[in-house]
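Visitor: Okay, predicted coordinates and the sequence, questions at the end:
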Amino acid sequence: MKEFEVYSSLKVPKNSKIVMRLDGRSFHSLARDLKLEKPYDENFYRVISQVCRDLFEEFSPIFIYTFSDEISLLFDRVPFDGRIEKLNSVIAGFTSSSFVMHYGVDFKKPLSFDSRIIPISDEDILDYFKWRQDESWRNCVNSHGISYLKSKYSNNEANDRIKGMGISDVHELLFQNGINLNDVETYKKRGIGIYRQNKKIVGFNKKENKNQVSYRSSIYIDWEIPKFSEEFFRQINVIE
Ligand SMILES: Nc1nc2c(ncn2[C@@H]2O[C@H](COP(=O)(O)OP(=O)(O)O)[C@@H](O)[C@H]2O)c(=O)[nH]1
Ligand SMILES: [Mg+2]
């Protein structure tokens, strides 16, 4: 019967890095059920950042980027020998379970994340993450915009008004009404990055009777990431 499992040998291209992007399924309704704060719920972001730490520890990607209900993992060495079915199912399942575990409340119904795989070359890594970070910024402007409009108009009218507006119009509207997005926390504008960071450790070498410097890498959750640039990805050893 094994021969019926026709997708089991499907693999990502050999020697290619990949991005996996997970996205919470129907998190719009989940946000309503959990009564998440609008436009940004700090506890939700705390939970997602813990999920990213779990993913980092379990599957050893070289970089994770998250905002809203989506998580992108960049793999250098691809787990499960690159098997697509394993990657998509195990990592999405792990993410859902970690989310529920860290949220720590009784959920009304089960939740899930979808998952996709994107083979990527070194030259495209920066563009990929810039693309997602731009989306994070659009999300920041729009969610502040809709929150503001809903404080002034009915839900329907607020939705109608924002539909006809571009990002810069919304930004301007907020600014005119005393909401300056420059003052908003960095993670709301740019998302959160998770990567390994070398920590300097100074120990005492008794034999030689002197201090000795060594480096140990640990997982770092960066709530203050800069706008993505080549320099940033070089600094964190993601590109050469
Ligand atoms: N209130 C609130 N909702 C959030 C927050 N982060 C994500 N969400 C919700 O999650 C949704 C994610 O977007 P998307 O994936 O397109 O919607 P989905 O298809 O319903 O999962 C947003 O539309 C919000 O409703 C948050 O910090 N606060
Ligand atoms: Mg979603």
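Guide: Nice, thanks for sending it over. Ligands and ions are numbered 1, 2, ... in the order given.
Visitor: ok, the residue nearest in space to the middle of the chain - contacts?
Guide: Taking CA atoms, centre = their mean, the centroid of the chain lies closest to residue 66, which sits 1.1 Å from it. Contact analysis of residue 66 by CB atoms under 8 Å, 6 or more residues apart in numbering lists 48-49, 52, 72, 191-192, 194. All C-beta atoms are positioned from the backbone trio N, CA, C, and that covers glycine.
Visitor: and the host helix or strand of it, which residues are buried?
Guide: Residue 66 is part of strand 63-67 when elements are defined by DSSP states H and E. Neighbour-count burial for strand 63-67 flags 63-67 (criterion: 16 or more other CB atoms under 10 Å).
Visitor: What strands line up against it, and which way round?
Guide: strand 70-75 (antiparallel), strand 192-205 (antiparallel) (DSSP bridges).
Visitor: relative to strand 192-205, how tilted is the longest helix out of those in the chain?
Guide: Longest helix in the chain by number of residues (criterion: DSSP state H): helix 122-152. On the basis of axes from the mean of the first three to the mean of the last three CA atoms, to 10 degrees, helix 122-152 is oriented at 120 degrees to strand 192-205.
Visitor: Report the rounded mean pLDDT for helix 122-152.
Guide: Averaged over helix 122-152, pLDDT sits at 97.
Visitor: just stretch 62-70 next, same as before
Guide: 98.
Visitor: Can you confirm whether that stretch lies near ligand 2?
Guide: Yes: applying CB under 5 Å from the ion, one finds stretch 62-70 in contact with ligand 2 at residue 69.
Visitor: Among the buried residues of strand 63-67, which one sits closest to ligand 1?
Guide: residue 67 (8.2 Å; CB to the nearest ligand atom).
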